[in-house]
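Asker: Here is my input, please return the structure:
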Amino acid sequence: MKTALSLDPTEATMGTAGLARAGRERMASARKQRRAVRLLDEVAAIDASQARYILTPQNDWHSFVKRMGGGCAAMLRWKEQDETIPLPPHPHECWLLPTEDEAAARIAKLREPLVREGWKVLTAPEHVVQQLSNKARFREFAEARGLLAFLPTHYTSADAAVYPCVLKAAEGAYGQGTSIVQSKAAVLASTAGAAATGNEWLLQELVRGKLEYATSLLCRDGTLLDAITTRYEYAADEYVWPDVKEIRTRRTSSRDIIQSHKAVMASFLDGYDGFCNFNYKLREDGTPCIFEVNTRIGADLACDVPASWLRAFFQKLDT
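Answerer: Residues are numbered from 1 along each chain as shown. Presented below is the predicted three-dimensional model:
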């Protein structure tokens, strides 16, 4: 004997399209539930007696947790699609800190509910985070403050550009969406369909030189609590990282940052709280030419500076 298919009473009156939509909604709900359970499991696995610095989302900085030592740091895969706000493993003792600009904006947006759940956060307002991290908004931000002299020359169109130059997506990290272009035709080919997708692109001067700098800063109320600069030397004058070979034996880190350079960076950070990272080269006259500001913990700090400096940097959060 055949068994009749059992439907929800509301589904029994639906057509094919309605049933398909209901099925997709059930699947989406199930995915949300699985993600919520996964977050709970992840937090439960963190050593609550030790962990104080929780970085999100999890990435490939495998050495970071070990370099922090003593089990005081951990990673959490809290992504944008996770609607659940995870509970801290140790309420009112754990810092929630971003490893991506998107996570920084999300923490800024959800600051109040995160604090209510017991997280410690140090973040600027969401619009400030987005002004700095979005490369198109960053240029507008610099222009409004009279700071364009510290950025690469901006080209308003492929016709106006001086080639070779740099084509850069407004959003992206770790070199994604950035390339050197040799001609107007290359620009048009790379940005074809941008209007349909809503993607923003920038054309900038190609700043040559083998030396590049990354300065990580910790700010509270616009005051710099700590800063470390790492200098990288590469085997080419024209490149987009990471598509270049680094001469690692010449990598150096320093806390002795030139005061005028620190003042330039501070001029971008009025009203900013939290970690940030400046990437730049130096002009022939020694002036910083800033490529971008990341509103998150930088890989230079997490992976490249001496471990004792890294730990001291994070401890400034509680001062």
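
Asker: need the contact list for residue 91.
Answerer: 117-118 (C-beta atoms under 8 Å, 6 or more residues apart in numbering). C-beta: built from backbone N, CA, C; applies to glycine.

Asker: Local confidence estimate at residue 204?
Answerer: On the pLDDT scale, residue 204 is placed at 95.

Asker: Any idea what it is bridged to?
Answerer: Per DSSP bridges, the residues bridged to residue 204 are residue 154, residue 166.

Asker: What separation do you get for it and residue 76?
Answerer: 34 Å (C-beta to C-beta, to the nearest Å).

Asker: Look at these two and report which has more neighbours.
Answerer: residue 76 (25 against 19; other C-beta atoms under 10 Å).

Asker: I'd assumed residue 58 was in contact with that one.
Answerer: Yes: contact between residue 76 and residue 58 holds when scored by C-beta atoms under 8 Å: they sit 6.4 Å apart.

Asker: in the stretch 51-200 of the chain, which spans are strands?
Answerer: Ranges of strands in the stretch 51-200 of the chain, per DSSP state E, counting those that start in this stretch, are 53-56, 73-75, 95-98, 154-155, 165-169, 178-181.

Asker: residues in contact with the last one?
Answerer: Contacts made with strand 178-181 from outside it, assessed by C-beta under 8 Å, 6+ apart, are listed as 163-169, 172, 187, 190, 203, 206, 238-240.

Asker: Of all pairs in those, which one spans the longest distance?
Answerer: Maximum pairwise distance in the contacts of strand 178-181, criterion C-beta to C-beta, is 21.5 Å, between 163 and 172.

Asker: tell me the pLDDT at residue 89?
Answerer: In this model, residue 89 is scored at 87, pLDDT.

Asker: measure it to residue 119 for me?
Answerer: For residue 89 relative to residue 119 (C-beta to C-beta), the value is 10 Å.

Asker: How about residue 203?
Answerer: From residue 203 to residue 119 the distance is 40 Å (C-beta to C-beta).

Asker: One more: residue 61?
Answerer: 20 Å.

Asker: The two - which one has more neighbours?
Answerer: Neighbour comparison, residue 61 and residue 119: the larger count goes to residue 119, with 23 against 17 (by other C-beta under 10 Å).

Asker: Just give me the neighbour total for residue 77.
Answerer: 14.

Asker: check contacts around the closest residue to it other than its chain neighbours.
Answerer: Leaving aside its chain neighbours, residue 77 sits nearest to residue 58 (4.4 Å; criterion: C-beta to C-beta, 6 or more residues apart in numbering). Contacts for residue 58 were tallied using C-beta under 8 Å, 6+ apart; they are 75-77, 99.
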